[in-house]
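S.K.: Build me a model:
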Amino acid sequence: MSSLTVSRATEAEAPACLALLPQAHQMPAEFLIAKQDGRLAGAAALMWRSWATPSGFPVSVQVLAEHRRQGVGRRLLGDAVAWASGEADGLWSLEPQALEGPAAAFLDACGFRLARRQRHFEADVKALRDNVAPALARLRRHGRIPADARVVPLAEAPLEEVGWLVSAQFGGGPFRALQNLRRRVTQRGISTGDLSQVVLHGDKVVGVILARLDHGVAVIDGRIVAPGARGDWAGALQLDAVLGHGPRFGLKTFRFHCDDDVRDTLSLARRSNARELAQKGLFYYALSAA
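M.R.: The predicted model follows:
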């Protein structure tokens, strides 16, 4: 009869866990390792940082194909729940999962519930620019754009201030956000590179759009406008600046996503005849239910 053991990974075992969970690279993560008859069967990564609302630690689980459907993943998640109890209000899935996919079904079976639904789109660059340009022209015509407003590449922006803004929007803390931003600005080239833009009002950061080239595919990861700069002008400026990279790199389309209650992005997708690629979700487990 086979035996399954789950334990906290030792320093020597951590690289094997990280190979299964590369998304946990350079995160403050600790690992659980599952072994079937003494051989690696799967791993879980628990990130010791509060994330999103409601607060909770991100968790990720991966099981080797030959060990799936044998209770390994459920055992790893169960031990992660026990490990985090008393330390956090809940657990979040680290990455969005396709709503109709096996990972979402697994999380649901383990007591996680859909907390944030995302819609992923792809739209023609020209169609997007044709929708942004009239709004931007209107804002300029009515004097809605401050005279000292400007847009600069992420590499030329004060990264610490941008990090605070990103952290306030997405959680994870400003130090983690700053680490991610620094990695972005080191990415160069046509295949993989950073396209992010930052809006400054004088010397103050009022907006950032995080965008990148992923092996020739243009992806917008997020758009943020500081609370004190609400209105259309900062968002329109940063989106126009990113879309302006299209001709430079010969890009025909951009991919982007948003939560299903972000009306301005959903409206832009509709007006631009964007194609919906997928619906994904982040899942949450309330530790009070444990």
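S.K.: Just give me the neighbour total for Ser196.
M.R.: For Ser196, the count of nearby residues is 24 (other CB atoms under 10 Å). Every residue, glycine included, has its C-beta placed from N, CA and C.
S.K.: so what pLDDT did it get?
M.R.: Each residue has a pLDDT score; the one for Ser196 is 93.
S.K.: residue contacts, it?
M.R.: Each residue near Ser196 by CB atoms under 8 Å, 6 or more residues apart in numbering is listed here: Pro153, Leu154, Arg184, Val208, Ile209, Leu210, Ala211, Arg212, Val242.
S.K.: What's the separation between it and Ala168?
M.R.: Distance of Ser196 to Ala168, given as CB to CB, to the nearest Å: 17 Å.
S.K.: same check, this time on Ala12
M.R.: Using CB to CB, Ala12 is found at 38 Å from Ala168.
S.K.: neighbour count winner among the two?
M.R.: Legend: neighbour count by other CB under 10 Å for Ala12 and Ala168, higher for Ala168 (13 against 7).
S.K.: Just say helix, strand or coil for the more buried one.
M.R.: helix (DSSP: H, G, I helix; E, B strand; the rest coil).
S.K.: Now do the contacts for it.
M.R.: Applying CB under 8 Å, 6+ apart, no residues contact Ala168.
S.K.: now swap in Trp83 and tell me
M.R.: Contact analysis of Trp83 by CB under 8 Å, 6+ apart lists Arg8, Leu32, Leu46.
S.K.: low-confidence ranges in the stretch 151-290 of the chain?
M.R.: The stretch 151-290 of the chain contains residues with pLDDT under 70 at 172, 188-192, 230-231, 289-290.
S.K.: all helices in it, in order from the N-terminus.
M.R.: For the stretch 151-290 of the chain, the helices defined by DSSP state H, counting those that start in this stretch cover 159-170, 174-185, 233-243, 245-249, 263-271.
S.K.: and among those helices, the most buried is which?
M.R.: Greatest average neighbour count among the helices of the stretch 151-290 of the chain goes to helix 233-243 (a mean of 23), per mean count of other CB atoms under 10 Å.
S.K.: Could you identify the longest helix within the protein?
M.R.: For the chain, the longest helix by residue count, based on DSSP state H, is helix 125-141.
S.K.: Give the buried residues for it.
M.R.: Buried residues in helix 125-141, defined by neighbour count with 16 or more other CB atoms under 10 Å: Val125, Ala127, Leu128, Arg129, Asn131, Val132, Ala135, Leu136, Leu139.
S.K.: Please convert these to a markdown table, extending it with pLDDT.
M.R.: Formatted as a markdown table, those follow (pLDDT from 0 to 100):
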| residue | pLDDT |
| --- | --- |
| Val125 | 94 |
| Ala127 | 95 |
| Leu128 | 95 |
| Arg129 | 93 |
| Asn131 | 93 |
| Val132 | 93 |
| Ala135 | 90 |
| Leu136 | 92 |
| Leu139 | 91 |
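S.K.: Tell me which of the helices of the stretch 151-290 of the chain sits nearest to Val217.
M.R.: Closest to Val217 of those is helix 245-249 (CB to CB; 10.5 Å).
S.K.: CA-only coordinates of the closest one in CSV, if you can.
M.R.: Output of helix 245-249 as CSV, limited to C-alpha atoms (Å, rounded to 0.1, in the frame of the first residue of the first chain):
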residue,chain,number,x,y,z
HIS,A,245,4.1,51.6,-29.3
GLY,A,246,2.0,49.6,-31.8
PRO,A,247,3.5,51.0,-35.0
ARG,A,248,7.0,51.0,-33.5
PHE,A,249,6.9,47.2,-33.0
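S.K.: Please name every helix or strand in contact with it.
M.R.: With contacts taken as 3 or more CB pairs under 8 Å, 6 or more residues apart in numbering; DSSP states H and E, helix 245-249 sits against helix 125-141, strand 217-225.
S.K.: Figure out which of the ones you listed is closest to Ala104.
M.R.: Ala104 sits nearest to strand 217-225 of all the helices and strands packed on helix 245-249, at 21.0 Å, using CB to CB.
S.K.: That closest one: how far from the chain's middle?
M.R.: From the chain centre to the centre of strand 217-225 is a distance of 10 Å (CA atoms, centre = their mean, to the nearest Å).
S.K.: what angle sits between that strand and helix 174-185?
M.R.: Orientation check (axes from the mean of the first three to the mean of the last three CA atoms, to 10 degrees): strand 217-225 against helix 174-185 gives 140 degrees.
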